[in-house]
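Student: return atomic coordinates for the entry below.
(4 chains)
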Protein chains: 2
Amino acid sequence: MELYAERGYEQATVAEIADRAGLTARTFFRYFADKREVLFAGSDALGEQMMLALTAAAATDPPLAAVAAALDVVAELIGADRAYSRRRQAVIVANADLQERELTKLASWSRALADGLRRRGVEEPTASLAAETGVAVFRVAFERWLAGPARRTLVDTLHDSLDQLRTLTDTGTGIGTG
Amino acid sequence: MELYAERGYEQATVAEIADRAGLTARTFFRYFADKREVLFAGSDALGEQMMLALTAAAATDPPLAAVAAALDVVAELIGADRAYSRRRQAVIVANADLQERELTKLASWSRALADGLRRRGVEEPTASLAAETGVAVFRVAFERWLAGPARRTLVDTLHDSLDQLRTLTDTGTGIGTG
DNA sequence: CGGTTGATGTCATGTGATGACATCAACGCT
DNA sequence: AGCGTTGATGTCATCACATGACATCAACCG
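Tutor: A predicted model of the protein is given here:
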């Protein structure tokens, strides 16, 4: 992340990154599937914690509540270091390739959540809908958390966004409500 | 798409693709930013139609209704040729790089929708929330449309999914409703 | 001490992507 | 007809990402 921040993602060559870490480029590619992945390796561990929280949620929780509980854990973990998230996000926002990878990681969370919901007996398309929606809300909350004041926690921001989602759907989609 | 379907995305070299089109690889890269983009060039035009529909929606429509109206147009356009969508999706699903690109296209729709909503006077985070949620619902509807029976239209599937979203949020997130 | 294993390095290679420059056809103008 | 401009395409050179094949070396174990 140092090099990506210093000279930009595209300018930083894999050889340089590996060099700074005291390795060769070949070794870099043994640890990371590609040049981007070095910034996203942590996402997988985060996703695992998320899934633990999902399975731990009460079986009686409605789908979106279970998803919310899972995302809460992610929010707690990520929310612990806002400065780091801001640095990292600055690097990602500056490059389209990195944004693509981030979307992929979030999509994998969504898929995992939907799988988890189905294992809890939630039918399709409810499971996918709850998972996709939950991640969408998380994405918005995360951005607002980074943009907003430091005192506001990510967890709180996430809860707010979930509330606002309810308001949004209650107001109506103009379909089926007449 | 022929070559990608025949031998897989990774096996098809740009030189071959260009060759089949009677061009050189250099020319290919003048028309498409990268090897993937050739499959997604149409998305931009689709996004423009979507935005036209958004601005055409009644000013009194609540945010999610306006987004729904915009996505309706997309659903009509895409829904016109299910066979094509299935072929295309088969190619995309078979390769991670292509899936990444599709996610960014959808993300760009989401960004455009949020912008459009803000121009209509919708505040943040409502605008982003409505846009992200709408696209999330569209994504689910699209997948279900491809998987389901041919008689079911994409527009109908999208409406169903929007209804189910309301059910989902009404059931509660377990936060703020006690 | 010899052999196995895992991590790393070296080398070769293919492909995606891009800049610099050349070519050529179409077109408008005199 | 002849000329110059413009846009599309081709050629060439080059770089960086990515990966397979093989070599090396240290740690560890029986």
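Student: who's in contact with residue A:125?
Tutor: Shown in contact with residue A:125 (Cβ atoms under 8 Å, 6 or more residues apart in numbering or on different chains): B:140, B:141, B:144, B:161, B:164. C-beta here means a position set from N, CA and C on the backbone, and glycine is covered the same way.
Student: turn these into TSV, including neighbour count, secondary structure and distance to residue A:112.
Tutor: Below are the contacts of residue A:125 laid out as TSV (neighbours: other Cβ atoms under 10 Å in any protein chain shown; DSSP: H, G, I helix; E, B strand; the rest coil; distance: Cβ to Cβ, whole Å):
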residue	neighbour count	secondary structure	distance to residue A:112
B:140	28	helix	15
B:141	26	helix	21
B:144	19	helix	19
B:161	25	helix	20
B:164	18	helix	21
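Student: now residue A:60, what's its secondary structure?
Tutor: Put simply, residue A:60 is coil when judged by DSSP: H, G, I helix; E, B strand; the rest coil.
Student: can you redo the contacts of residue A:125 as CSV with pLDDT?
Tutor: Formatted as CSV, the contacts of residue A:125 follow (pLDDT from 0 to 100):
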residue, pLDDT
B:140, 98
B:141, 98
B:144, 97
B:161, 96
B:164, 95
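Student: residue A:115 - how many residues pack around it?
Tutor: By other Cβ atoms under 10 Å in any protein chain shown, 15 other residues sit near residue A:115.
Student: could you do residue A:70 as well?
Tutor: Here the count is done by other Cβ under 10 Å, and residue A:70 has 28 residues near it.
Student: show the pLDDT at it.
Tutor: Residue A:70 carries a pLDDT value of 97.
Student: next, the nearest residue in space to it that is not next to it in sequence: phi, psi?
Tutor: Distances taken as Cβ to Cβ, 6 or more residues apart in numbering or on different chains put residue A:54 closest to residue A:70, at 3.9 Å, once the chain neighbours are dropped. Per-residue torsions, residue A:54: phi -70, psi -50 (degrees, to the nearest 10).
Student: okay, stretch A:59-70 in CSV with CA atoms only?
Tutor: What follows is stretch A:59-70, C-alpha atoms only, in CSV (Å, rounded to 0.1, in the frame of the first residue of the first chain):
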residue,chain,number,x,y,z
ALA,A,59,-32.7,-18.9,13.8
THR,A,60,-35.9,-17.0,14.3
ASP,A,61,-34.4,-13.7,13.0
PRO,A,62,-36.0,-12.6,9.7
PRO,A,63,-33.5,-12.8,6.7
LEU,A,64,-32.6,-9.1,6.7
ALA,A,65,-32.0,-9.1,10.5
ALA,A,66,-29.6,-12.0,10.2
VAL,A,67,-27.8,-10.3,7.4
ALA,A,68,-27.7,-7.1,9.4
ALA,A,69,-26.2,-9.0,12.3
ALA,A,70,-23.5,-10.4,10.1
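Student: okay, the residue positioned nearest the centre of chain A and DNA strand C: tell me how far apart.
Tutor: Central residue of chain A (Cα atoms, centre = their mean): residue A:106, 4.7 Å from the mean position. To DNA strand C, residue A:106 is 22 Å away according to Cβ to the nearest atom of the strand, to the nearest Å.
Student: name the nearest residue to that residue, sequence neighbours excluded.
Tutor: residue A:135 (5.5 Å).
Student: and the one you found, what does it touch?
Tutor: By Cβ under 8 Å, 6+ apart, the contact set of residue A:135 is A:71, A:106, A:107, A:109, A:110, A:113, B:136.
Student: would the helix or strand of chain A with the lowest mean pLDDT count as contacting DNA strand D?
Tutor: Every helix and strand of chain A was ranked by mean pLDDT, DSSP states H and E. The lowest is helix A:2-7, at a mean of 90. No: residues of helix A:2-7 contacting DNA strand D under Cβ under 7 Å from any atom of the strand: none, with a closest distance of 10.2 Å.
Student: buried stuff in that helix?
Tutor: By neighbour count on 16 or more other Cβ atoms under 10 Å in any protein chain shown, the buried set for helix A:2-7 is A:3, A:4.
Student: over to stretch A:46-65?
Tutor: For stretch A:46-65, burial by neighbour count (16+ other Cβ under 10 Å) applies to A:46, A:47, A:50, A:51, A:53, A:54, A:57, A:61, A:62, A:63, A:64, A:65.
Student: could you pick out the longest helix of chain A?
Tutor: The single longest helix within chain A, with elements called by DSSP state H, is helix A:96-119.
Student: need the residues that contact that helix.
Tutor: A:9, A:36-37, A:39-40, A:43, A:47, A:50-51, A:54-55, A:63, A:66-67, A:70, A:74, A:91-93, A:124, A:126-128, A:130-132, A:134-135, A:138-139, B:96, B:99-101, B:103-104, B:107.
Student: get me the contact residues on chain A for DNA strand D.
Tutor: A:12, A:13, A:14, A:15, A:25, A:26, A:29, A:33, A:34, A:35, A:36.
Student: once you drop chain neighbours, what's closest to the first one?
Tutor: To tie it back to what came earlier, the one meant is residue A:12. Leaving out its chain neighbours, the residue that sits closest to residue A:12 by Cβ to Cβ, 6+ apart is residue A:3, at 4.1 Å.
Student: hmm, the one you found is touching residue A:16, no?
Tutor: Yes: using Cβ atoms under 8 Å, residue A:3 is in contact with residue A:16, at 6.2 Å.
Student: on that earlier part again, residues in contact with the residue nearest to residue A:12?
Tutor: Per Cβ under 8 Å, 6+ apart, neighbours of residue A:3: A:12, A:16, A:17, A:20.
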